[in-house]
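Engineer: need a structure here:
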Amino acid sequence: MTASEALMAWLEHLAHERRLSPRTLEAYGHIGRLYVAFLERHRGETLSLKAMGTITAAEVRAHMAERRQGSKEAGDHSLGARSLSQSLSAIRGFHAFLDRRMDTPAPQLALVRGPRIKPSLPRPVTEDQARGLLAEPDADPDAEPWEAARDRAVLTLLYGCGLRISEALSLTRADAPLGETVRIIGKGSKTRIVPVLPAVREAVDAYLALQPFPLQPSDALFRARRGGPLSPRHVQASVQRLRGRLGLPERTTPHALRHSFATHLLGAGADLRSIQELLGHASLSTTQKYTGVDADRLLNAYAAAHPRA
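Structural biologist: Sure, this is the predicted structure:
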């Protein structure tokens, strides 16, 4: 077996046993192909599965250095620290698979340390900014009434239920009208049940009443102007246009509404474990980032209001 064939076996494992999303598989496949191609260029030969067990820490570091700088030969652009860390994590996952499933450990890999990453906090919008963003689609002169209702419904799902764009756009006609809760299949095909606020139900109902296309139960609920499924890119472009009209900062993105959902819940007294379940985070440590955001908000309010600050 060649290294490339072993890589394909790993991707098959991720797709069928781990059930990773198509986008994640595409990213891992890209990382793996660049890695194997680098090693083969470096050694000047096609690598076998056995040769993958002889990879040295120096070779992995050289590959990471090439990714950091970008390589015209490999057709790759330069990467920042966070993307490099993700690439190294994927490479470790590939070698772990070779160790467990194909009895080909690569002990030198343990000597490679990832780049230092400065922890970044989520960047939510304020409650007033979120309300303004949800109301603004209705004032769009270039949108048909049903399109404005659609955009408002999607944004309300992101802020009112804490959904990712992909999760909101995965809803089908059979899911609507929404009930008290909605079943969401998130990252890693993990299922969670999310409560639905009356304002969210009303926004989706308003869109349903206006949208002009006949839909089967399995069809995507949200439709583009020509009747096809709405794309994430449309949602991103719509928010970019709306924030420009409202004068909101560039950090106002669709995903920032999900961050805002969590931060505003935390500020209102919700506990971290509940927020973790609502967001579909696998680890509580991911959710804990929001405590830093809320602490910053409280400190800023203290500095602005306290007479001794």
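Engineer: what sits against K187?
Structural biologist: For K187, the contact set (Cβ atoms under 8 Å, 6 or more residues apart in numbering) comprises S21, T24, R164, G280, A282. The way it works is simple: take the backbone N, C-alpha and C, and place the C-beta from them, glycine included.
Engineer: what does G132 give?
Structural biologist: By Cβ under 8 Å, 6+ apart, the contact list for G132 reads L246, L248.
Engineer: For it, give me the pLDDT.
Structural biologist: Note on G132: pLDDT of 88.
Engineer: now swap in P119 and tell me
Structural biologist: Value for P119, per-residue pLDDT: 59.
Engineer: Begin at 17 from now on, thanks
Structural biologist: Shifting the count to begin at 17 puts that one at P135.
Engineer: Low-confidence bits of this protein, can you list those?
Structural biologist: Scanning the chain for pLDDT under 70 picks out the ranges 87-93, 133-138, 288, 297-325.
Engineer: just the helices in this protein please.
Structural biologist: Ranges of helices in the chain, per DSSP state H, are 19-32, 38-59, 73-85, 97-118, 143-151, 161-177, 181-185, 214-226, 248-262, 270-283, 288-295, 300-303, 305-321.
Engineer: out of those helices, deepest packed?
Structural biologist: Among the helices of the chain, helix 161-177 has the highest mean neighbour count (mean count of other Cβ atoms under 10 Å), at a mean of 24.
Engineer: could you give the angle of that helix to helix 288-295?
Structural biologist: Helix 161-177 and helix 288-295 are oriented at 150 degrees to each other (axes from the mean of the first three to the mean of the last three Cα atoms, to 10 degrees).
Engineer: about what we covered before: looking at the contacts of K203, point me to the pair that's furthest apart.
Structural biologist: Farthest-apart pair in those is T40 and G296; separation 14.6 Å (Cβ to Cβ).
Engineer: returning to that earlier point: buried subset of the contacts of K203 as a PyMOL selection?
Structural biologist: Buried residues within the contacts of K203, by 16 or more other Cβ atoms under 10 Å, are selected in PyMOL with:
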select buried, resi 37+180+296
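Engineer: quick check, nearest of the contacts of K203 to R166?
Structural biologist: For these, the nearest to R166 is R180 (17.6 Å; Cβ to Cβ).
Engineer: So the closest residue in space to the closest one that isn't next to it in sequence versus L258, what's the distance?
Structural biologist: Using Cβ to Cβ, 6 or more residues apart in numbering and skipping residues adjacent in sequence, the residue nearest R180 is R274, 6.3 Å away. R274 is 16 Å from L258, where distance means Cβ to Cβ, to the nearest Å.
Engineer: still on that earlier bit, kindly reformat the contacts of K203 as TSV containing distance to A169.
Structural biologist: Formatted as TSV, the contacts of K203 follow (distance: Cβ to Cβ, whole Å):
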residue	distance to A169
S37	23
T40	27
R180	16
G296	20
A298	28
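Engineer: just the contacts of K203 now: which is nearest T188?
Structural biologist: Checking the contacts of K203 against T188 with Cβ to Cβ, the nearest one is R180 at 16.3 Å.
Engineer: Let me know whether the closest one touches H271 as I believe.
Structural biologist: Yes. Counting by Cβ atoms under 8 Å, R180 touches H271, with 7.2 Å between them.
Engineer: which residues do these two both contact?
Structural biologist: Residues within reach of R180 and of H271 at once, by Cβ under 8 Å, 6+ apart, are L174.
Engineer: circling back: just put the helices of the chain in a markdown table and tack on distance to Q124.
Structural biologist: What follows is these, written out as a markdown table (distance: least, Cβ to Cβ, whole Å):
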| stretch | distance to Q124 |
| --- | --- |
| helix 19-32 | 16 |
| helix 38-59 | 13 |
| helix 73-85 | 5 |
| helix 97-118 | 10 |
| helix 143-151 | 49 |
| helix 161-177 | 44 |
| helix 181-185 | 37 |
| helix 214-226 | 52 |
| helix 248-262 | 39 |
| helix 270-283 | 37 |
| helix 288-295 | 36 |
| helix 300-303 | 29 |
| helix 305-321 | 33 |
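Engineer: of all those, which lies closest to R241?
Structural biologist: helix 161-177 (6.7 Å).
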